[in-house]
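[1] I need the structure of the sequence given here:
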Amino acid sequence: SSGINAEYGYDTGVGMTKADLVNNLGTIAKSGTKSFMEALSAGADISMIGQFGVGFYSAYLVADKVEVHSKNNDDEQYIWTSSAGGSFTIHQDEDAEDVPRGTKIILYLREDMTEYLEEKKLKDIIKKHSQFIGYPIKLQVEKEREKEVSDDEAEPEEKEDDEETPKIEDVDEEKEKEKKKKKIKEKYNELEELHK
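    Residues are numbered from 1 along each chain as shown. I've put the predicted structure just below:
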């Protein structure tokens, strides 16, 4: 972790051209988010979000800044960036290998919204709000497993400089095998399908 509280999602759909990014994402004024935020300020309940046609711009309820990296087969890969101040920038992505085709969205979470980095919180949200989505949703999770390794794999031995003198030892092979095995906990990442 680099200390940046960021969450991201991606798909391998058709992606967006530069013109699509301008037309589809535009600014906050083109969505229902402005009206929703005004209603929230006036005391409306956050559960009313569905009545405002709020989609993409609801990301700013938890994020200070949003980046959209998108690649369409008819154009280069571009990055759309906005901090919800009513303006945005678009520039060509020089490191385009991370999205072969499709869209990746990065949310730079506000300091008071880091709970959305927690696996359980994300799973609960996906379960609650994915019932009408016709596509699979997967979450990359960190898991742990026990792995049996030999002692010399777990802790590399220091080799002695004196390689000329051969060492002869009488060792019971079974005891040697038992002694050389060790269980370690190994962390790994896996995509877990939460919605089919």
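[2] can you pull out the strands in this structure?
    For the chain, the strands defined by DSSP state E occupy 6-11, 63-71, 77-82, 89-92, 102-109, 137-150, 181-195.
[3] and those as a markdown table, adding mean pLDDT and mean neighbour count?
    (Each C-beta comes from the backbone N, C-alpha and C, glycine too.) As requested, the strands of the chain are exported to a markdown table (pLDDT from 0 to 100; neighbours: other C-beta atoms under 10 Å):
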| stretch | mean pLDDT | mean neighbour count |
| --- | --- | --- |
| strand 6-11 | 72 | 14 |
| strand 63-71 | 89 | 21 |
| strand 77-82 | 90 | 21 |
| strand 89-92 | 90 | 12 |
| strand 102-109 | 88 | 19 |
| strand 137-150 | 83 | 12 |
| strand 181-195 | 81 | 11 |
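[4] which one of the ones you listed lies closest to residue 131?
    Residue 131 lies closest to strand 181-195 among the strands of the chain, at 8.3 Å (C-beta to C-beta).
[5] For that closest one, name the packing helices and strands.
    In terms of contacts (3 or more C-beta pairs under 8 Å, 6 or more residues apart in numbering; DSSP states H and E), strand 181-195 is packed against helix 119-129, strand 137-150, helix 151-154.
[6] out of everything not next to it in sequence, what's closest to residue 83?
    residue 65 (4.7 Å; C-beta to C-beta, 6 or more residues apart in numbering).
[7] Next up, the contacts around residue 74.
    Shown in contact with residue 74 (C-beta atoms under 8 Å, 6 or more residues apart in numbering): residue 17.
[8] one more time with 10 Å
    14, 15, 16, 17, 19, 20 (C-beta atoms under 10 Å, 6 or more residues apart in numbering).
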